[in-house]
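A.B. asks: This is a predicted model, with the sequence first.
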Amino acid sequence: MNNWGIPDWLEKEVRERDKACVYCGILMIEKMPQRGPRNAVATWEHIINDASIISRENIARCCVACNSSKGTKKLSDWIRSSYCKKRGINRDTVAQIVKEALRLL
Ligand SMILES: [Zn+2]
C-alpha cells in the first residue's frame with residue numbers, strides 16, 4: 001500500500017497507464033524539482049472525489065496543476081471551469097478513463 005491506501009498492484013498498473021496527466025495530457029515527471037515549475041509533477045487522483053473508491057476506474061494520476069485546480073470539485077463541474085476552458089480541456093480531450101467516468105455521471 002502507498003500513502004493513499006492504494007494496493008501495490010493497482011499502483012503499478014496505474015503508473016504504467018497514466019504517464020500523461022489524465023486531464024490535460026501533459027507528460028508528467030515523478031520527482032518534485034528543486035527549482036523551476038512544479039506543475040508537471042505527477043499526483044494521485046480520485047476521479048470521483050471519494051477516497052473509498054479504490055479501483056482502476058477511479059484511481060488515476062494527474063499533474064499538480066490539474067489536481068490543485070480540481071480540488072474537491074465534482075468532475076462534471078470542474079470540466080466546465082475556466083481552468084479547463086483556458087487549457088482546452090473538455091470531455092473530448094481527457095483520457096479514456098476520465099471519459100468513462102463522465103459518461104457515468
Ligand atoms: Zn494536468
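C.D. replies: Arrived safely.

A.B. asks: hey, let's count contacts and neighbours off CA atoms from now on
C.D. replies: Noted.

A.B. asks: Give me the most central residue, this structure.
C.D. replies: Nearest residue to the geometric centre of the chain (C-alpha atoms, centre = their mean): Cys62, 3.1 Å.

A.B. asks: List the contacts of it.
C.D. replies: Residues counted as contacts of Cys62 (C-alpha atoms under 8 Å, 6 or more residues apart in numbering) are Asp18, Ala20, Cys21, Val22, Tyr23, Met28, Ala42, Thr43, Trp44, Glu45.

A.B. asks: Phi, psi for it please.
C.D. replies: phi -140, psi 170 (degrees, to the nearest 10).

A.B. asks: what number of residues lie near the closest residue to it other than its chain neighbours?
C.D. replies: Closest residue to Cys62 apart from its sequence neighbours, by C-alpha to C-alpha, 6 or more residues apart in numbering: Cys21 at 4.1 Å. By other C-alpha atoms under 10 Å, 25 other residues sit near Cys21.

A.B. asks: near the ion, which residues of this protein?
C.D. replies: Contact residues, the chain versus the ion (C-alpha under 5 Å from the ion): Cys21, Cys24, Cys63, Cys66.

A.B. asks: Make CSV from the residues you listed and add secondary structure, distance to Leu75 and pLDDT to it.
C.D. replies: Listed next are those as CSV, based on DSSP: H, G, I helix; E, B strand; the rest coil; distance: C-alpha to C-alpha, whole Å; pLDDT from 0 to 100:
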residue, secondary structure, distance to Leu75, pLDDT
Cys21, coil, 15, 98
Cys24, coil, 13, 98
Cys63, strand, 15, 98
Cys66, helix, 11, 98
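
A.B. asks: Columns distance to Ile54 on top of those residues, output as JSON lines?
C.D. replies: As requested, those are arranged in JSON lines below (distance: C-alpha to C-alpha, whole Å):
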{"residue": "Cys21", "distance to Ile54": "18"}
{"residue": "Cys24", "distance to Ile54": "22"}
{"residue": "Cys63", "distance to Ile54": "19"}
{"residue": "Cys66", "distance to Ile54": "20"}
